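Peer 1: From the sequence below, what's the structure:
(3 chains)
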Amino acid sequence: MSILIRKDTRFIVQGITGREAVNLTRENLEYGAKIVGGVTPGRAGRDIYGVPVYDCVRDIVKEHGQVEGSVVSVPPKFTKDAVFEALENGIELIVIVTENIPRREVAQMVELASLRGARIIGPNCLGIISPDEAKMGGVGGPAANTRQAYKKGNIGVMSRSGGMTTEIASTLTAAGLGQSTCVSIGGDAIIGTTYAELMPLFEADSETQAIAIYSEPGGRMEAELAEWITENDSRLPVVAFMAGRFMDEMKGMRFGHAGTIVEGKEDTTTEKIKRMEAAGISVAERIEEIPDLLKKRLEEGK
Amino acid sequence: MRFYEYESKALFRKHRLPLGESRVVRSADEARSAFEAIGGPVVLKSQVLSGGRMKAGAVKFADDADEAAAHFESILPIVIGGESARSVLVEKKSPVAQEYFVAITWDGRAKRPVLVFSDMGGIDIEEVAETHPDHVSKTHFSSILPLSPYIAKEAIGATGVSGTALNKLTPVVFELMKIFLDYDLTLAEINPLARLEDGSFIVLDGHIDMEAEARGGHKALLDELGIGEEETRQARPPTDFEIAGARVNAVDHRGVAGNVVEFDGNLGLVIGAGGGSLTLFDAVRKHGGKPANYCEIGGNPSVNKAKELTKLILSKPGVEKIAVMMNVVSNTRVDIVARGVVKGCIESGKDPAKTIAIFRIPGAWEDEGFKILRKYGVEYCDRSVSMYDAAGRAVAKLS
Amino acid sequence: MPGLFIDVTIAPEIAKDAAIARKLEEVCPVGIFAADDGGVKIVEENLDECTLCDLCLDATPKGSIEVTKLYES
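Peer 2: Numbering: from 1, shown residues only, chains lettered A, B, ... in the order given. A predicted model of the protein is given here:
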């Protein structure tokens, strides 16, 4: 099993003729993805690596039946419209790759998604991968690179950084720990699905036995995860890597993702580490410590 | 991106929020004539982006024109949080009967805007929330459903405010909610919002933060306020090195390379991507290294961009070596970055083998990249060497 | 200024072909070829941007374009 996507998940790519989307389409297809169509307004009739291009999401649904997911890779100005279009056409899982979308528009997309019972991953993310099953988004890059870094197994990975998703998976793979599903959740201040919101899915997935996360300064997402674990008495041991410790001394400066800016005391790494440790999360200072911490926690049986 | 008080007020005025008459002045003479034009007692306030003006003595009251001129002279030189005053705002002094607090910001957990209101304004809101929780209300509202004044009314009413005050406050708070959404703000705050002795309401002080990503969409307003693109409004003004970095990043649209932050050290960093840079910067410091800069490369930058970034970092006085490191890359290509940094060294008149302390970028096209590095004698490593250990190797070469 | 990492040579038989010149200009994602009064010219400052995508090779008769990795010699 895995969460969010399986081998047979049918999805589309919105903005499919764009430079990054063309790459992503090829890489996903090579990894075995079922991409039924793509959308670029005005380009209907073309095809990208055999994937037919349409003007509207509606036209794909009409021709191919309902699809489950969409990867949205369109410029920031057009992202909200593209996501609204996907939601109103019944798509339930939307991965937004685009970055630099203002918070208001992200909030609007997320609110409509929740009204429609759909889920958004991202924005500013590389998507989802269930190793040896399927991937949806640019995570891992070319299929050969993806197969080198990601192996099927029992660890769920969540990361606010797309690149670090692969770094962590690659480190786990090298240590003999495979992954159930890895989710690049996005680096913005407001995102569609947070760690705590993915936890119930991992909790219900029989394959997943432990969780590894990449965390960083800014926001309350780590605190929310800590609360969820405490309140729900989670069966899953969690190991977190905390980056950006130097930022605690540099309040108000922006480094890295839009969501990392330290506004208050609660946003600092020191405070986040404290809260996570209080909830039983093991916090690693280096990436290479993650596998041993996971193995130790798995042996202890929680 | 924070607005100065006078800019926030200009936006409020555009939306017909009640404000006292005011003038922005840049000399003692202007302060004097502002006093005369306003007629009557005024308050002079230093225009800085940081808080704590009152404590620093940069807010003063004047009863005549000479006093206004004298206060201008004493306020202007005051440096607050390392920041010099841009100008001084001279505003009509208002006889206050009661102060209120209203702010709207984003709640990242609820993923909605949150309206915070209190009938105990003028003081630290966090403190009020702790000591008088029944006098602070927090109300989330939708960012897609129609915005309606009842939301403001409920928020105000929740703190016990009723009568005329409730009816006069509601449209002001509602307008601020609209401003917050319409201009992509991350903070819209009025504190204090005052009831005057004559029963009217007025905005005494206000703060606005606009989302940096949304600047392009509000160019008309920014032009109107005279806020140029070069004004980053970060916690500190950008250095020349940082401005040059932004120029490197703008060379072409391919990928990111050049968003640099300057530090004092001797080890230049060509690192990426978003999360990788944070991880690597920590690692360098943990090993006792002294970074000359922070930066992020990613999104598959062109050879030219990576080259220009390398040249910029090598041009910084005191930088002896650079460390080129990233997490395992997916869309950025190892060979393209390798070409860029090697070429950057050569064009700076330096030997890549001696200048690049370590090259640790595993991932897409690494075999091709490693061929280039071997040819130029650059020390490199693959994913079997952790980011932390690679940073350690770089630091060791400097001492 | 020639490339430090990449060199591209065009066989004389196709260098004066206007149609091929236009095609090369179109397919190269990094602007290495420029159509120039009825022939094709190499834009030297873009040589090092070559992504080894082979699109120029696919667009021309076999053997008429050669892409050399100078770091392999």
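
Peer 1: Just the closest residue of chain C to chain A, please.
Peer 2: Nearest residue of chain C to chain A (C-beta to the nearest C-beta) works out as residue C:29 at 8.3 Å. Bear in mind the C-beta positions are built from the backbone N, C-alpha and C, glycine included.

Peer 1: quick check, that residue in a strand?
Peer 2: No - assigned with DSSP: H, G, I helix; E, B strand; the rest coil, residue C:29 falls outside any strand and is coil.

Peer 1: ok now do it, which residues does it touch?
Peer 2: Counting by C-beta atoms under 8 Å, 6 or more residues apart in numbering or on different chains, residue C:29 touches C:51, C:53, C:55.

Peer 1: repeat that for 10 Å
Peer 2: Residue C:29 makes contact with A:19, B:254, C:49, C:50, C:51, C:53, C:55, C:56, according to C-beta atoms under 10 Å, 6 or more residues apart in numbering or on different chains.

Peer 1: any idea how far it is from residue A:44?
Peer 2: The gap separating residue C:29 from residue A:44 is 24 Å, by C-beta to C-beta, to the nearest Å.

Peer 1: Does residue A:254 lie in a helix or a strand, and which?
Peer 2: Assessed by DSSP states H and E, residue A:254 sits outside every helix and strand.

Peer 1: so what's it closest to, chain neighbours aside?
Peer 2: Computed as C-beta to C-beta, 6 or more residues apart in numbering or on different chains, the closest residue to residue A:254 that is not its neighbour in sequence is residue A:261, at 5.0 Å.

Peer 1: Please identify the helix or strand for residue B:139.
Peer 2: Using DSSP H and E, residue B:139 falls within strand B:136-140.

Peer 1: wait, does that strand make contact with chain A?
Peer 2: No - using C-beta under 10 Å from any C-beta of the partner chain, strand B:136-140 never reaches chain A; the gap is at least 10.6 Å.

Peer 1: List the buried residues of that strand.
Peer 2: Neighbour-count burial for strand B:136-140, counted by 16 or more other C-beta atoms under 10 Å in any protein chain shown, picks out B:136, B:137, B:139.

Peer 1: and that strand, what does it pack onto?
Peer 2: strand B:96-107, strand B:112-118, helix B:125-131, helix B:149-157 (3 or more C-beta pairs under 10 Å, 6 or more residues apart in numbering or on different chains; DSSP states H and E).

Peer 1: Between the ones you listed, which one is closest to chain C.
Peer 2: Comparing the helices and strands packed on strand B:136-140 under C-beta to the nearest C-beta, the one sitting nearest is strand B:96-107, at 38.7 Å.

Peer 1: how long is stretch C:49-65 from one end to the other?
Peer 2: 17 Å (C-alpha to C-alpha, to the nearest Å).

Peer 1: in that stretch, what counts as buried?
Peer 2: C:49, C:50, C:51, C:56, C:59, C:60, C:64, C:65.

Peer 1: cool, and stretch B:253-273?
Peer 2: Within stretch B:253-273, the residues scored as buried using 16+ other C-beta under 10 Å are B:254-263, B:265-273.

Peer 1: Would you map the strands across chain C?
Peer 2: C:6-10, C:33-36, C:39-42, C:65-69 (DSSP state E).

Peer 1: wait, does the second one make contact with chain B?
Peer 2: Put plainly, it is strand C:33-36. No - counting by C-beta under 10 Å from any C-beta, chain B is not contacted by strand C:33-36; separation bottoms out at 17.0 Å.

Peer 1: so who does the residue in chain C positioned nearest to chain B touch?
Peer 2: Residue nearest to chain B within chain C: residue C:71 (4.4 Å; C-beta to the nearest C-beta). Residues near residue C:71 by C-beta under 10 Å, 6+ apart: B:335, B:338-339, B:342, B:368-369, B:371-376, C:4-6.

Peer 1: how about the strands of the stretch 1-150 of chain A, start to end?
Peer 2: With DSSP state E, counting those that start in this stretch as the criterion, the stretch 1-150 of chain A has strands at A:10-14, A:34-39, A:47-48, A:51-54, A:69-72, A:93-96, A:119-121, A:127-130, A:134-136.

Peer 1: Chain C: which of those strands is closest?
Peer 2: strand A:47-48 (15.1 Å).

Peer 1: Show me what the closest one is in contact with.
Peer 2: A:13, A:16-17, A:21-22, A:25-26, A:29, A:35, A:37-38, A:40, A:53.
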